[in-house]
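A.B. asks: below is the sequence, then the predicted model.
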Amino acid sequence: MSANYLRFWGVRGSYAAPHKTHLKVGGNTSCVEFRAGNYLLICDGGTGIIPLGDALMSARDMPETLVVFTHYHWDHICGLPFFQPAFSSHWKIKFFGPGETAGEIEQRLSDQMKAPYFPVEIGTWAADIEYQAPVASGLQHGPFTLNYHSVHHPGVTYGYRIQLGEKSIVYMSDNEIDFLKSSIARRADEFTPEEQRLNKTMQNEERAAELGAVRNADILIHDAQYTPGDYARKRGWGHSCYVDTVNFAIDAQVKVLYLFHHDPNYDDERVEAIQRDCEQVIRERQSNLTCIVAREGTVVPL
Amino acid sequence: MSERAHTVVIVDDSAAVRIFFEKVATAIDVELKTYPSAAAALEYLGTQQPSLLFLDIIMPDKDGLTFLQELRRLPLHQNTTTIVISSKDYAQDRNTARQLGVVEFVAKPMTTRVIEDLIVKYTGARLRSADTRS
């Protein structure tokens, strides 16, 4: 295995889907490992962090570990109480996520490990634990530099742009693309021509800001939870339709898009069909984008 | 020029939204102050309480609800009348806004009429002339 790589440990959105019809893609919720030498960066602590933790305990090395959270919805934190390295005194782990202070981040993570919801509290963690306070720019973890920005999802939710040498990877597990655009379209009748012009400008500004956060990324890992039909029913749930995701990646001139945060109701066959549809969009737009389904266990050299 | 009694602050990284508010303000007897970020707005809000504060949520430096949480800790802003305007229209954000004492949550896009009415309702300012309404 390359010294620098990323590995998908959980690719499912909303809740785990450990059904045999889903296992070619994977049933665990969000967790992606990034490794550069002795530095380990983990994005999100869904159920995928449990097998990652088990694998880390079996390995000889104990890398410097930073776990960052996009937000604190269950599917992104529910594996953390079972993350074995946190219970080992040999480990040093730093946590970061949305929050005004290190104490607020600690509170968000510890709230799920309290009676009657969990038998032990974070006080039982034996590892050397630190909570990273927000930084003005560029969170540094060994060779990794992380910048974060707010995305379109309920509550404060971050997307991360991760720089490792020449490689730029963007992790946006939960993000509803084009929500404002569709709000404007649905309510077009309410506005005067002058207001409509300002709405269009506002829409373009928001699109430009979103594209700016991912532009020219080597790898984009992005929410692609819904089919167009399901999105029509679930607009406003904070997740993207895969058609919007692939168009977003093309517009941002991303090199490789990993479709992520798969709906737990979609079996392997359905996710494969989504990937084929995305390929069709890419052909129609004559783009060079490579589009891949994020699957549990896939390792990508960096 | 007479000093106006009502000051309205809008914090939004969208230039289009700030222009929108400038147009709205021409029809109402208020002084409008516009800022593109939380950090820029602190120049004024650090020492002054506006009659009404409009806050966007997603902004590059700090999201509006986190900013409001900080403001609420200052004695000056414990009761500052605040309205959220956002393209995010989610129950979780509405609930957080309510917990922070936000009086209204307006989903973008918004009409001139809606914002005019809110400014009049919460500041008591007068419309300059009925015929300025579109």
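C.D. replies: Received, thanks.
A.B. asks: the stretch 1-150 of chain A against chain B: which residues are in contact?
C.D. replies: Residues of the stretch 1-150 of chain A lying close to chain B by CB under 8 Å from any CB of the partner chain are A:100, A:149-150. No exception for glycine: its C-beta is placed from N, CA and C like everyone else's.
A.B. asks: quick one: contacts for the closest residue to B:Asp56 other than its chain neighbours?
C.D. replies: Among residues not flanking B:Asp56 along the chain, B:Asp12 sits closest, at 3.9 Å (CB to CB, 6 or more residues apart in numbering or on different chains). The contact partners of B:Asp12, by CB atoms under 8 Å, 6 or more residues apart in numbering or on different chains, come to B:18, B:34-36, B:54-56, B:59, B:85.
A.B. asks: also A:Met62?
C.D. replies: A:56, A:85, A:90-92.
A.B. asks: what ranges does chain B have for its strands?
C.D. replies: B:7-11, B:31-35, B:52-55, B:82-86, B:104-107 (DSSP state E).
A.B. asks: in CSV, list the ones you listed along with distance to chain A, mean neighbour count and mean pLDDT.
C.D. replies: Converted to CSV, those look like this (distance: least, CB to the nearest CB, whole Å; neighbours: other CB atoms under 10 Å in any protein chain shown; pLDDT from 0 to 100):
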stretch, distance to chain A, mean neighbour count, mean pLDDT
strand B:7-11, 13, 25, 98
strand B:31-35, 14, 19, 97
strand B:52-55, 13, 24, 98
strand B:82-86, 9, 24, 98
strand B:104-107, 7, 17, 98
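A.B. asks: could you export those as JSON lines, including distance to A:Phe69?
C.D. replies: Formatted as JSON lines, the strands of chain B follow (distance: least, CB to CB, whole Å):
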{"stretch": "strand B:7-11", "distance to A:Phe69": "26"}
{"stretch": "strand B:31-35", "distance to A:Phe69": "29"}
{"stretch": "strand B:52-55", "distance to A:Phe69": "24"}
{"stretch": "strand B:82-86", "distance to A:Phe69": "22"}
{"stretch": "strand B:104-107", "distance to A:Phe69": "25"}
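A.B. asks: give me the distance between the residue most central in space within chain A and B:Gly101.
C.D. replies: The centre of chain A sits closest to A:Ser173, judged by CA atoms, centre = their mean, with a distance of 2.4 Å. Look at A:Ser173 and B:Gly101: by CB to CB, to the nearest Å, they are 31 Å apart.
A.B. asks: how about the contacts made by the residue nearest in space to the middle of chain B?
C.D. replies: Nearest to the geometric centre of chain B sits B:Phe54, at 1.3 Å (CA atoms, centre = their mean). Listed by CB under 8 Å, 6+ apart, the contact set of B:Phe54 reads B:8-12, B:21, B:82-85.
A.B. asks: beta partners of it?
C.D. replies: According to DSSP bridges, the partner residues bridging B:Phe54 are B:Ile10, B:Ile83.
A.B. asks: low-confidence regions, chain A specifically.
C.D. replies: Along chain A, segments meeting pLDDT under 70 span A:1-2.
A.B. asks: ranges for the strands of it?
C.D. replies: A:4-10, A:31-36, A:39-43, A:64-68, A:92-96, A:128-131, A:139-141, A:144-150, A:158-164, A:167-172, A:219-223, A:256-260, A:290-293, A:299-301.
A.B. asks: could you figure out how far the first one is turned away from strand A:39-43?
C.D. replies: For strand A:4-10 against strand A:39-43, the angle by axes from the mean of the first three to the mean of the last three CA atoms, to 10 degrees is 30 degrees.
A.B. asks: quick one: name the residues of chain B near chain A.
C.D. replies: B:13-17, B:19-20, B:23, B:57-60, B:63, B:65-66, B:69-70, B:87-93, B:96, B:107-109, B:111-112, B:134.
A.B. asks: just the buried ones from those?
C.D. replies: B:13-14, B:16-17, B:20, B:57-59, B:63, B:65-66, B:87-90, B:92-93, B:96, B:107-109, B:111-112 (16 or more other CB atoms under 10 Å in any protein chain shown).
A.B. asks: so which of those residues belong to helices?
C.D. replies: Secondary structure defined by DSSP state H assigns B:16-17, B:20, B:65-66, B:92-93, B:96, B:112 of these to helices.
A.B. asks: in stretch A:105-113, what counts as buried?
C.D. replies: A:105-106, A:108-110, A:113.
A.B. asks: number of residues surrounding the closest residue to A:Leu40 other than its chain neighbours?
C.D. replies: Nearest residue to A:Leu40, sequence neighbours excluded (CB to CB, 6+ apart): A:Pro63, at 3.9 Å. Neighbourhood size, A:Pro63 [other CB atoms under 10 Å in any protein chain shown]: 18.
A.B. asks: again, but for A:Glu284
C.D. replies: Counted with other CB under 10 Å, the neighbours of A:Glu284 add up to 8.
A.B. asks: residues in contact with the closest residue to B:Gly124 other than its chain neighbours?
C.D. replies: Spatial nearest neighbour of B:Gly124, chain neighbours left out: B:His6 (7.2 Å); criterion: CB to CB, 6+ apart. By CB under 8 Å, 6+ apart, the contact set of B:His6 is B:29-31, B:51-52, B:123-125.
A.B. asks: and with 6 Å instead?
C.D. replies: B:30, B:51, B:123, B:125 (CB atoms under 6 Å, 6 or more residues apart in numbering or on different chains).
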